[in-house]
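In: any chance you could fold what I've pasted below:
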Amino acid sequence: MLHNHEEIEAKFLNININDIEQKLKETGATKVGEYFQKWTTFDYPDWRLDKEGAWIRLRDEGNGEISLSFKKRLGMISREGNTNDQGMQEIEIKVNDFEKTSLIFKAMGFAVKHYAEKKRIRWAKQDVEFDIDIYPELEPYIEIETTSWEKIESEAKLIGLNYEDKKIFSANQVYAMKGIDVGKLLKISFTDGLVERKD
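Out: Model prediction:
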């Protein structure tokens with residue numbers, strides 16, 4: 001499935017997972033599953049995508065699916081996590097082999113920016129997806145994705161979140177808020193922690 005669209009999603013940081021899951025249940029959301037996800041991001045060796053706030057991501061979704069995406073931050077003002085973006089462009093397709101797809105990018109001369117892992121707990125209600133994301137060395141956060149900003153505001157309120165606290169940017173900016181520059185990391189994993197690149 002190919003889709004190219006602007007994502008309507010917002011993150012709410014530093015949540016208590018038990019409290020949020022209880023509220024999701026009370027408001028009629030259903031737990032879809034828990035997944036362990038791993039991915040590699042690629043760029044040209046001169047990091048030209050990074051300079052534009054863009055990247056290519058190959059991700060094992062943890063549910064038997066593997067996705068390949070081009071993502072680009074829209075209206076990017078800051079890299080430090082203190083200003084929201086206007087949105088996110090995403091072009092995504094499904095592929096069937098994580099390692100071979102990775103080899104194709106390496107063979108074409110792309111550089112690996114980093115390898116990363118996270119745990120994701122997905123809940124859903126009609127056309128709303130609630131993803132609780134747990135990254136190495138970050139507090140858990142929830143991402144709400146749906147069809148309009150108004151709907152994000154009403155769903156956030158239902159589970160006790162303040163819409164004014166929303167963050168519209170990538171996980172890298174959540175790390176940046178803690179003073180961690182993901183650009184310097186080769187690996188983000190639960191077993192090895194945050195590993196800096198050598199070059």
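In: where along this protein do the strands fall?
Out: In the chain, the segments counted as strands under DSSP state E are 3-7, 9-12, 30-43, 54-60, 66-74, 87-95, 111-125, 128-134, 141-145, 185-189, 193-196.
In: I'd like these laid out as a markdown table, including mean neighbour count, distance to Ser154 and mean pLDDT.
Out: Where you see a C-beta, it was placed from the backbone N, CA and C, and this is true even at glycine. Shown next, in a markdown table, are those (neighbours: other C-beta atoms under 10 Å; distance: least, C-beta to C-beta, whole Å; pLDDT from 0 to 100):
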| stretch | mean neighbour count | distance to Ser154 | mean pLDDT |
| --- | --- | --- | --- |
| strand 3-7 | 11 | 18 | 58 |
| strand 9-12 | 20 | 12 | 94 |
| strand 30-43 | 16 | 18 | 96 |
| strand 54-60 | 19 | 29 | 95 |
| strand 66-74 | 18 | 23 | 92 |
| strand 87-95 | 15 | 19 | 90 |
| strand 111-125 | 19 | 11 | 96 |
| strand 128-134 | 19 | 10 | 97 |
| strand 141-145 | 21 | 10 | 97 |
| strand 185-189 | 18 | 33 | 95 |
| strand 193-196 | 13 | 36 | 96 |
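In: now these in CSV, with distance to Asn162?
Out: Below are the strands of the chain laid out as CSV (distance: least, C-beta to C-beta, whole Å):
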stretch, distance to Asn162
strand 3-7, 21
strand 9-12, 8
strand 30-43, 24
strand 54-60, 30
strand 66-74, 23
strand 87-95, 20
strand 111-125, 19
strand 128-134, 16
strand 141-145, 13
strand 185-189, 28
strand 193-196, 29
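In: which of these sits closest to Lys151?
Out: strand 128-134 (6.7 Å; C-beta to C-beta).
In: show me what that closest one packs onto, helices and strands only.
Out: Judged by 3 or more C-beta pairs under 8 Å, 6 or more residues apart in numbering; DSSP states H and E, strand 128-134 is in contact with helix 17-26, strand 111-125, strand 141-145, helix 149-158.
In: relative to Glu34, which of these is closest?
Out: In terms of C-beta to C-beta, the element of the helices and strands packed on strand 128-134 nearest to Glu34 is strand 111-125, at 5.0 Å.
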